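> Here's a sequence, model it:
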Amino acid sequence: MQIAALRRVTAIGGGHGLGRVLSTLAFLNNRLVGVVATTDNGGATGLLRQTHHTIAWGDIRNCLSQLVEQPLAADVLNYRFRGETPLCGHNLGNLLLYTLDQVSARPLDGIQLLSRLLNVNTRLLPMSECPTDLIATTKDGIQCHGELLIDKLEHMPQALQLSATPQATPEAVRHLYNSDLIILGPGSFLTSVLPPLLVKDIAQAVRQSAGKVIFIDNLVHENGPSGQLSLRQKLDFLAQHIGTDVVDLVLSNHADKRLGIPCIGDLRADSEISYRHQTESLLKQLNFAVSALFKKPA
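From the prediction side, this is the model:
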């Protein structure tokens, strides 16, 4: 079986990693949904969140920019204001999404409107439509607030949580329950992959969904604390926060037979950016994974 034969696929994460998965599978059109992390507090997103009570728009904008077919549209979304102006440091795509949110009933309405204007058929759903921040608890019991500080930790935190108890976006939960395949990663492990899974209803949907779960590992070690983790330790940390071990298969750039679950290696890097997955290799390995997971009994 090929991934094109699946009825519904949900990918969870944020930033460049999720965008690469979604753009690779964009041929699935509205059968594909991306559940996007909204806890970022750095960069242009952080500037917007400092002055307005809003979700983080940066990862959603990043995904949209990788899904649009026109390069100029991607450049417009990613345009960053510079110079001696009040807009200096802000990102046009983030401001567009924030503005659409202000004139819409809910954040999702603004995201869907911009998606239609850009002719993007893949659905992007924020993990929650309520602003929330990521909190890490260290082994010493110290709480570290916000992704910027968490990325600077010298050692892995003992646990992660959200600053509030945000409600999951209902559409995301429904799609997860009805998905044949759920994809986690790639991307920053603590600040892109984990945040959506800390939303109670999303974690429950991943646990209870009949869909198979694939974890896509990063090609290179991260600079943050999770760069210290082995693949097995990442899976254990995921299970700790989801409530059970849900991953059925791992995609990596090397096969690890010690995981206790199938691991398909040979993921290749993009020729221009070493930490970004090559789309042809990613699609090929995802098809291998789907064939293995949905193999019909003899």
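
> Would you mind identifying the next helix or strand past the lowest-mean-pLDDT helix or strand in the chain?
When the helices and strands of the chain are compared on mean pLDDT, DSSP states H and E, helix 43-51 comes out lowest with a mean of 91. Per DSSP states H and E, the first helix or strand lying C-terminal to helix 43-51 is helix 58-67.

> Distance from the chain centre to that next one, please.
Chain-centre distance of helix 58-67: 11 Å, with CA atoms, centre = their mean, to the nearest Å.

> Could you list the residues in contact with the least confident helix or strand of the chain?
Here helix 43-51 makes contact (CB atoms under 8 Å, 6 or more residues apart in numbering) with 40-41, 54, 56-58, 80, 89-91, 94-95, 98, 131, 148. Using the backbone N, CA and C atoms, a C-beta is placed for each residue, glycine as well.

> and which of those residues is nearest to A255?
Nearest to A255 among those is D40, at 32.4 Å by CB to CB.

> residues in contact with that closest one?
Taking CB under 8 Å, 6+ apart, one finds 14-15, 46, 56, 58-59, 147, 191 in contact with D40.

> Longest helix of this protein, counting residues only.
The helix that spans the most residues within the chain, counting by DSSP state H, is helix 279-293.

> Mind listing what's buried along that helix?
For helix 279-293, burial by neighbour count (16 or more other CB atoms under 10 Å) applies to 279, 281-283, 285-286, 288-290, 293.

> Helix, strand, or coil at the residue lying closest to R232 once chain neighbours are set aside?
Nearest non-adjacent residue to R232, counting by CB to CB, 6 or more residues apart in numbering: L259, 6.0 Å away. At L259, secondary structure determined by DSSP: H, G, I helix; E, B strand; the rest coil is coil.

> I figured L259 hits K234, correct?
No. With contact defined as CB atoms under 8 Å, L259 does not count as touching K234 (10.2 Å).

> okay, those two: which has more neighbours?
Set side by side, L259 and K234 give different neighbour counts by other CB atoms under 10 Å, the larger being at K234 (21 against 17).

> gap between the more buried one and E222?
In this view, K234 and E222 are 11 Å apart by CB to CB, to the nearest Å.

> joint contacts of these two?
With CB under 8 Å, 6+ apart, K234 and E222 have common neighbours F189.

> What is the nearest of the contacts of D40 to Q102?
After measuring the contacts of D40 against Q102 - CB to CB - the closest member comes out as A56, at 15.8 Å.

> For burial, what's the neighbour tally of the closest one?
For A56, using other CB under 10 Å, the count is 29.

> quick one: the residue nearest to R232 from D75, how far?
L259 is 40 Å from D75, by CB to CB.

> can I get the CA coordinates of stretch 73-82 in CSV?
The C-alpha coordinates for stretch 73-82 follow below in CSV (Å, rounded to 0.1, in the frame of the first residue of the first chain):
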residue,chain,number,x,y,z
ALA,A,73,3.9,34.2,-2.3
ALA,A,74,6.3,32.4,0.0
ASP,A,75,8.7,35.4,-0.1
VAL,A,76,5.8,37.7,0.8
LEU,A,77,4.8,35.5,3.8
ASN,A,78,8.3,35.3,5.0
TYR,A,79,9.1,39.0,4.5
ARG,A,80,10.6,40.6,7.5
PHE,A,81,10.5,44.4,8.1
ARG,A,82,13.8,46.1,8.7
